[in-house]
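Participant: The amino acid sequence is not available; the structure is as follows:
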């Protein structure tokens with residue numbers, strides 16, 4: 001299991017609605033843009049994309065600019 005940062009609550013809700021076998025939450029994370037991920041239920045490619053997105057939304061602007069180049 002992995003706790004993943006989402007860009008916003010709508011992204012969290014969308015992940016859970018789209019694939020509840022892979023994405024879920026607990027009351028501890030209510031109101032926070034964090035989603036729990038069942039690693040056995042997603043592909044390595046999807047995990048890579050999710051981790052990149054989580055990093056991007058939390059990274060300092062200087063690092064995001066370098067990444068975008």
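Facilitator: Looks like it arrived, so ask away. Fair warning: this is a prediction, and the values are worked out from it, not measured in the lab.

Participant: Flag the shaky bits of the protein, pLDDT-wise.
Facilitator: Scanning the chain for pLDDT under 70 picks out nothing.

Participant: the helices in it, which residues?
Facilitator: Secondary structure of the chain (DSSP state H): helices located at 9-18, 44-58, 61-68.

Participant: now for the second one, which elements pack on it?
Facilitator: Using 3 or more Cβ pairs under 8 Å, 6 or more residues apart in numbering; DSSP states H and E as the contact definition, the elements that helix 44-58 packs against are strand 2-5. Glycine gets a C-beta too; all of them are placed from N, C-alpha and C.

Participant: Just the buried positions in the strand it packs on, please.
Facilitator: 4, 5 (16 or more other Cβ atoms under 10 Å).

Participant: next one: stretch 18-37
Facilitator: Residues of stretch 18-37 classed as buried by neighbour count (16+ other Cβ under 10 Å): 22, 23, 24, 25, 33, 34, 35, 36, 37.

Participant: of all those residues, which two lie farthest apart?
Facilitator: When those are compared pair by pair using Cβ to Cβ, the farthest-apart members prove to be 22 and 33, with a separation of 17.0 Å.
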